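1. Fold the following.
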Amino acid sequence: RRRCALCPGCAIIGKIFGERPAQTMRDQFGRTIDYMRLSITDRCNLRCRYCMPNGVQPLPHGDILSYEELLQVAATAVTLGITRFKVTGGEPLVRRGCVDFVRRLKALPGVEQVTLTTNGLLLAPLAGELAALGLDGVNISLDAADRRSYAAITGFDGLDAVRAGIDAALAAGLKTKLNCVLLAGCEDRLVPLARYAEARPIDVRFIEVMPIGAGAAQPGPGRDAALALLRAAWPNLHPVQERRGNGPARYYAADGLTGRIGFIDAVSHKFCARCNRVRLTSTGQLKPCLCYEAAADLRAVLRGNPDALTQTLRQAVFQKPRAHCFEDRTAITERRGMSQIGG
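-> Below you'll find the model as predicted:
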């Protein structure tokens, strides 16, 4: 029986691995589900206009899963075949103890990969430690390469801190990706952002706006329009058949680019048939699909009947819907913002 060496006394997690061998988790449509996004907070130190422009109402501390509860969910998920995790928020680095949580998550028996998504503001002083504990990669949200546009989108003049975070991540040897949301009016920002992939091993991904929360009122260009603009700068930008992470991004290469350009185009080019993920909100709601409100309340299970955790998780994953309904906004039932879901 193996236990996390950094979690003394974690008898529950030890018991999980002592009794249940890992397996392959498939949903009702035969898709292999091996990836979970773990939101550890809904709070953020930015006010991005497409996510949480007015902030969020802080939840009582007791409503948020403890790190021990998050680890218990992760340990159970591993026994079902979910072995890859993304730590998200809100902004995960604003929660005290985040780095230690990443360390403990990495140390769980059976965990194959842990990555982190962040806005980069707090990353620079932590990048070395995160790399040393074995973090497998970092995704940094960056929607503009110039200070004025960055402040207009995020509500803060924090671009220098993000640039420092990018430099620190690369210096520490972390696999680094930049995420840019394709907002309305973003066309003149795309090429400057893509240039981050020129001289450094950075993948720059452009993400279509999800019609969820504040983003529903701010649709921007789709993949095809963005690709046409980028090809004006890199005429031979061409698709490559490379898997460069756990997500659905499709990647492009070009002469003059060290990294790749990626697109996450869930709205214009559905990829539900190969979806491999579920999401756990900071309040313990396990969401099989982003656009539907339906979720399994793992917090209630953890605090009321923890012996039912495995079966509850298995059932929730099995019932994952066939596809999202972003093309029909009247069918979208999720009303929370992305920071509350785990963006």
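2. gap between residue 75 and residue 313?
-> 11 Å (CB to CB, to the nearest Å). C-beta here means a position set from N, CA and C on the backbone, and glycine is covered the same way.
3. err, residue 277, not the other one
-> 14 Å.
4. the more surrounded of those two?
-> residue 313 (24 against 21; other CB atoms under 10 Å).
5. Just the buried positions in the host helix or strand of that one, please.
-> Element membership of residue 313, judged by DSSP states H and E, is helix 309-318. The neighbour-count check on helix 309-318 (16 or more other CB atoms under 10 Å) flags 309-310, 312-314, 316-317 as buried.
6. Output the contacting helices and strands for that helix.
-> Secondary-structure packing of helix 309-318 (3 or more CB pairs under 8 Å, 6 or more residues apart in numbering; DSSP states H and E): helix 67-79, strand 296-297, helix 298-304.
7. Compute the inter-axis angle for it and helix 67-79.
-> Interaxial angle of helix 309-318 relative to helix 67-79 (axes from the mean of the first three to the mean of the last three CA atoms, to 10 degrees): 60 degrees.
8. Can you show me the CA trace of helix 309-318 as PDB?
-> Output of helix 309-318 as PDB, limited to C-alpha atoms (Å, rounded to 0.1, in the frame of the first residue of the first chain):
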ATOM      1  CA  LEU A 309     -17.400   8.700  -3.600                       C
ATOM      2  CA  THR A 310     -16.200   6.100  -6.100                       C
ATOM      3  CA  GLN A 311     -19.600   5.200  -7.300                       C
ATOM      4  CA  THR A 312     -20.800   8.800  -7.500                       C
ATOM      5  CA  LEU A 313     -17.800   9.800  -9.500                       C
ATOM      6  CA  ARG A 314     -18.100   6.800 -11.800                       C
ATOM      7  CA  GLN A 315     -21.800   7.400 -12.500                       C
ATOM      8  CA  ALA A 316     -21.300  11.100 -13.100                       C
ATOM      9  CA  VAL A 317     -18.500  10.400 -15.700                       C
ATOM     10  CA  PHE A 318     -20.500   7.600 -17.300                       C
END
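9. ok, and what's touching that helix?
-> 16, 20, 25-28, 33, 72-73, 76-77, 79-80, 82, 278, 286, 288, 295-296, 298, 301-302 (CB atoms under 8 Å, 6 or more residues apart in numbering).
10. just the buried members of those residues?
-> Using 16+ other CB under 10 Å, the buried ones in those are 16, 25-27, 33, 72-73, 76-77, 79-80, 82, 278, 286, 288, 295-296, 298, 301-302.
11. neighbours around the residue nearest to residue 147 when sequence neighbours are not counted, how many?
-> Excluding the flanking residues, the one nearest residue 147 by CB to CB, 6 or more residues apart in numbering is residue 159, at 4.9 Å. Residues lying near residue 159 (other CB under 10 Å) number 20.
12. Also residue 62?
-> Neighbours of residue 62 under the rule other CB under 10 Å: 9.
13. where are the low-confidence patches of the protein?
-> 1-22, 211-218, 291, 325-343 (pLDDT under 70).
14. which residue ranges form the strands in it?
-> For the chain, the strands defined by DSSP state E occupy 35-39, 84-88, 113-118, 138-141, 176-182, 202-208, 238-240, 250-253, 261-264, 277-280, 285-287, 296-297.
15. can you redo those as TSV with distance to residue 128?
-> Shown next, in TSV, are the strands of the chain (distance: least, CB to CB, whole Å):
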stretch	distance to residue 128
strand 35-39	23
strand 84-88	17
strand 113-118	14
strand 138-141	12
strand 176-182	14
strand 202-208	18
strand 238-240	31
strand 250-253	28
strand 261-264	26
strand 277-280	28
strand 285-287	33
strand 296-297	37
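16. Test my guess that the residue nearest to residue 147 contacts residue 148.
-> No - taking contacts as CB atoms under 8 Å, residue 159 lies outside contact range of residue 148: 9.3 Å.
17. Residue 247 touches residue 265, doesn't it?
-> No - Residue 247 is not in contact with residue 265 according to CB under 8 Å; the separation is 11.7 Å.
18. how about residue 254, what does it touch?
-> 234-238, 261.
19. repeat for residue 116
-> Residue 116 makes contacts with 86-88, 92, 102, 130, 135, 137-139, as judged by CB under 8 Å, 6+ apart.
20. try it again with 10 Å
-> Counting by CB atoms under 10 Å, 6 or more residues apart in numbering, residue 116 touches 85-89, 92-93, 98-99, 102, 123, 126, 130, 135-140, 169, 174.
21. As a check, name the ranges of all helices in this protein.
-> 11-19, 67-79, 98-107, 127-132, 147-154, 159-171, 187-194, 223-233, 298-304, 309-318, 338-341 (DSSP state H).
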